[in-house]
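Asker: have a look; sequence and predicted model below, questions after that.
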Amino acid sequence: MTTADLSPQEVARQALRAGIPLEAERLDLVTATANHIRRVIGTLRALDLDETAPAAVYDAAHLVGEGRNDAAV
């Protein structure tokens, strides 16, 4: 599902409604950031996770002792 990008006027109106002071010179950057976040969230919502178990079901005990028992990337 795709959504239309927010306009700078919409972003300014939403910022004002939320009580967030938004200077005019930052409006384009904030608008671009908000639109990027909306696209990423849209992509995540489109993922088919019907057969994916919740994280609470995952058991990493089998990884202990294999040198993969830390969070290092």
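Answerer: Looks like it came in fine.
Asker: for residue 59, which three-state class applies?
Answerer: Per DSSP: H, G, I helix; E, B strand; the rest coil, the local secondary structure of residue 59 is coil.
Asker: ok, it to residue 50 distance?
Answerer: 21 Å (Cβ to Cβ, to the nearest Å). From N, CA and C alone the C-beta is placed, and that goes for glycine too.
Asker: ditto for residue 43
Answerer: Residue 43 sits 17 Å away from residue 50, going by Cβ to Cβ.
Asker: who has more neighbours, those two?
Answerer: Higher neighbour count among residue 43 and residue 50: residue 43, with 11 against 5, using other Cβ atoms under 10 Å.
Asker: count of neighbours near residue 31?
Answerer: Residues lying near residue 31 (other Cβ under 10 Å) number 19.
Asker: sketch out the low-pLDDT regions of this structure for me.
Answerer: Scanning the chain for pLDDT under 70 picks out the ranges 1-2, 64-73.
Asker: relative to residue 38, how far out is residue 29?
Answerer: 15 Å.
Asker: whoops, I mixed them up, residue 52
Answerer: 23 Å.
Asker: and these two? Which one has more around it.
Answerer: Each of residue 52 and residue 38 has its neighbours counted (other Cβ under 10 Å); residue 38 has more, 15 against 9.
Asker: so the more buried one, which of the three states?
Answerer: Under the three-state scheme (three-state DSSP), residue 38 adopts helix.
Asker: before we move on, what about the one 10 residues further on?
Answerer: Three-state call for residue 48 (three-state DSSP): coil.
Asker: residue 11: neighbouring residues, count only.
Answerer: Neighbour tally, residue 11, other Cβ under 10 Å: 21.
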